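# take this sequence and fold it.
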Amino acid sequence: MTPDTPEPRTPAALGSRVLMALIVGQLGLHAAMAGLRMATPLQALRLGASAWTVGVLLALFAAAPVLLALHAGRLADRLGYHRPVRIAAALALAGMGAAVASVWMTGWASGWWTLGALCLAATLTGSAANLGMLTIQRTAGLAARDATERMRIFSWLGVAPSFSNVVGPVAAGLMIDATGFAGAYLLLMALPLATLASARLVPVLAPNPSARSGGRTAWDLLGAPGMKRLLAVNWLFSMCWDVHAFAVPVLGHERGFSASTIGFILGTFTLAVTGIRLLVPLLAHRIEEVKVLGGAMVGTAVVFAAYPFAANPWLMAGCAALLGLTLGVAQPIIMTTLHQVTPEGRHGESLAFRSMAINASSTLMPLVFGALGSAAGAAVLFWSVGGLVGSGAWLTRRIARIRT
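Model prediction:
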């Protein structure tokens with residue numbers, strides 16, 4: 001079956017080739033964005049940009065998805081997989097083109113034009129990665145036959161962002177040192193092309209008539225049973241990711257740890273996240289989703305309570321590993337449960353609400369963390385957020401009653 005020949009909308013088993021195509025598709029878009037997110041601040045700083053300007057540049061990678069997520073989700077619901085993925089790849093390629101143009105402008109155009117091109121590149125690639133992620137996650141969830149298979153699929157897909165955050169920045173960094181920024185951007189341009197190539201292995205589903213019905217707004221979706229509670233749980237977990245990335249360097253600096261030691265602690269967290277997501281597919285048939293989700297929230301609260309008492313790097317790395325397990329297992333379970341509580345034909349929109357919460361948290365919460373951390377220290381920050389996520393565990397019991 002070619003990508004231009006629709007197949008019936010009856011969900012079929014997601015073959016390994018199709019699953020790999022979805023993983024490659026997400027990796028191509030996300031790695032391109034991650035590489036650009038590492039390279040553009042360096043270029044801006046070399047142009048003499050202020051720290052505030054660099055902060056605005058980085059915020060654009062997350063701010064654009066917050067504003068466009070609902071439109072992206074509706075687009076995926078209406079058009080399926082291939083056209084939104086092509087649009088996402090085109091946006092990413094255009095973003096890389098703007099980044100290359102910023103290098104070309106250096107030397108003859110004013111610095112503001114160059115920074116403007118970098119801001120455009122950040123906006124386009126951030127939007128591309130978000131549209132691609134929503135489309136790929138929606139397709140994967142609909143193709144699964146049951147909740148167990150869906151959890152396995154989302155666990156495998158969850159590995160792609162972690163891998164992308166290594167591939168993109170490392171490739172860009174090597175190319176910057178070897179050939180300069182233009183060479184790095186041209187190399188990153190190959191990644192969305194891999195997304196386009198992998199899309200040929202994904203079959204086309206016939207259009208879903210229920211995704212076109214009128215008389216409703218996206219915000220009506222929040223009235224679906226369990227939706228608001230599940231999104232609240234998702235936001236609490238997202239906040240934990242953000243506070244860990246923020247507070248560990250602060251706590252390490254307070255204790256005089258070197259940059260490499262702090263990097264080791266954060267790297268241990270990433271390895272634990274990746275490891276648990278590789279393990280979940282083997283245990284998916286034994287997992288009771290909502291119970292594990294509640295346990296992950298309590299476990300996260302316990303780790304956050306203990307983190308400030310970890311007096312040396314090895315104890316902090318142990319806390320990071322435990323936190324990686326609790327946060328890493330939560331994402332595929334949330335995705336699986338979100339699919340189950342979403343009305344037919346609106347999965348793109350529900351994924352968009354989740355994306356908006358994550359990107360809004362990544363944009364705004366570091367400002368809150370910075371104010372609280374400056375006033376009270378990293379320990380109070382860990383305990384405050386840990387208390388929030390622990391007290392939010394009761395939400396999972398309400399979701400369990402709705403699902404049963």
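
# contacting residues around the residue minimising distance to the centre of the chain?
The C-alpha lying nearest the average C-alpha coordinate of the chain belongs to P161 (Cα atoms, centre = their mean; 6.5 Å). Residues near P161 by Cβ atoms under 8 Å, 6 or more residues apart in numbering: 26, 30. For every residue, glycine as well, the C-beta is placed using N, CA and C.

# against L251, how distant is it?
25 Å (Cβ to Cβ, to the nearest Å).

# please, where are all the strands along the stretch 201-350 of the chain?
204-205 (DSSP state E, counting those that start in this stretch).

# tell me where the model's unsure across it.
Along the stretch 201-350 of the chain, segments meeting pLDDT under 70 span 205-219, 259.

# could you redo the last one with a cut-off of 90?
201-236, 238-295, 308, 310-313, 328-350 (pLDDT under 90).

# domain assignment for this structure?
Domain assignment for the chain by automatic domain parsing gives 10-208, 220-403.

# just say which of these is most tucked in.
When the domains of the chain are scored by mean count of other Cβ atoms under 10 Å, the highest mean neighbour count falls to domain 10-208 (a mean of 20).

# return the distance of it from the chain's centre.
Computed by Cα atoms, centre = their mean, to the nearest Å, the chain-centroid distance of domain 10-208 equals 11 Å.

# stretch 308-326 now?
23 Å.

# if I look at the closest residue to T125 other than its chain neighbours, how far off is T40?
Closest residue to T125 apart from its sequence neighbours, by Cβ to Cβ, 6 or more residues apart in numbering: G95 at 3.7 Å. Applying Cβ to Cβ, the value for G95 to T40 is 10 Å.

# M96 too?
From M96 to T40 the distance is 11 Å (Cβ to Cβ).

# return every residue with contacts to both of those two.
The overlap between the contact sets of M96 and T40 (Cβ under 8 Å, 6+ apart) consists of A121.

# contacts for stretch 249-258, please.
Contacts for stretch 249-258 (Cβ under 8 Å, 6+ apart): 261-262, 265-266, 307-308, 311, 313, 316, 373, 377-379, 381-382.

# relative to A90, how far out is the residue nearest to the centre of the chain?
Applying Cβ to Cβ, the value for P161 to A90 is 21 Å.

# same check on A178?
With distances taken as Cβ to Cβ, A178 is found 28 Å from A90.

# equivalent analysis for A101, please.
For A101, the distance to A90 - Cβ to Cβ - is 16 Å.

# what of F304?
F304 is 42 Å from A90, where distance means Cβ to Cβ.

# over to A393?
In terms of Cβ to Cβ, A393 sits 43 Å off from A90.

# swap in L187?
Using Cβ to Cβ, one gets 18 Å for the distance from L187 to A90.

# what about the spatially closest residue to W235 that is not a sequence neighbour, distance to G97?
Leaving aside its sequence neighbours, W235 sits nearest to A357 (Cβ to Cβ, 6+ apart; 4.7 Å). Going from A357 to G97 by Cβ to Cβ gives 31 Å.
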